[in-house]
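Q: Provided below are the primary sequence and the corresponding predicted coordinates.
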Amino acid sequence: MKKLKPIFEPDEILCNMCGKKIQHLLSKKNAFIEDYIKIVHWFGYGSPHDGDKYEFEICEPCFFKELVGKLQIAPTITKG
Ligand SMILES: [Zn+2]
């Protein structure tokens, strides 16, 4: 059996929105250099996409610019 070569390193995360590599590794201060949002959704029974599972990552800038910034109703935000 032919051994498949991975498309990217296992710990490499790309933003599905803009395509850039997300610098998600921990910094020396033990904080994420760049955070990201992972979306996993399985469409349920009766949906046009019934049974389909979608899984992707979005970088923090894209999350705010392309998703939160386009919401018609403000999200609930709990400040840390
Ligand atoms: Zn992005």
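A: Structure received. In this text, all values refer to a predicted model and were calculated from it rather than measured experimentally. Numbering: from 1, shown residues only.
Q: contacts and neighbour counts: CA atoms only from here.
A: Noted.
Q: which SS state does Glu55 fall under?
A: strand (DSSP: H, G, I helix; E, B strand; the rest coil).
Q: can you name the residues that contact the closest residue to it other than its chain neighbours?
A: In space, and not counting its chain neighbours, Glu55 is closest to Val40: 4.4 Å by CA to CA, 6 or more residues apart in numbering. By CA atoms under 8 Å, 6 or more residues apart in numbering, the contact list for Val40 reads 53-56.
Q: identify the residue nearest the geometric centre of this protein.
A: For the chain, the residue sitting closest to the mean C-alpha position, by CA atoms, centre = their mean, is Glu57 at 1.7 Å.
Q: list the contacts for the closest residue to it other than its chain neighbours?
A: Using CA to CA, 6+ apart and skipping the chain neighbours, the partner closest in space to Glu57 is Lys38 (4.4 Å). By CA under 8 Å, 6+ apart, the contact set of Lys38 is 55-58.
Q: coming back round to it: which of the contacts of Val40 tops the neighbour count?
A: Tallying neighbours with other CA atoms under 10 Å puts Phe56 at the head of the contacts of Val40, with 14 neighbours.
Q: my guess is that one contacts Tyr36. True?
A: No: counting by CA atoms under 8 Å, Phe56 does not reach Tyr36; the two are 10.4 Å apart.
Q: who in this protein is up against the ion?
A: 15, 17-18, 59, 62 (CA under 5 Å from the ion).
Q: from those, list just the buried residues.
A: 15, 59, 62 (16 or more other CA atoms under 10 Å).
Q: in helices only, show me the residues you listed.
A: Taking DSSP state H as the definition of helices, those contribute Cys62.
Q: in this protein, where is pLDDT below threshold?
A: Counting by pLDDT under 70, the chain has low-confidence residues at 1-2, 4-10, 25-32.
Q: recalculate using a threshold of 90.
A: 1-13, 22-35, 80 (pLDDT under 90).
Q: ok, the contacts of Lys38 vs Ile77, which is closest?
A: Ile58 (18.4 Å; CA to CA).
Q: which strand residues bridge the closest one?
A: As for beta bridges, Ile58 partners with Ile37 under DSSP bridges.
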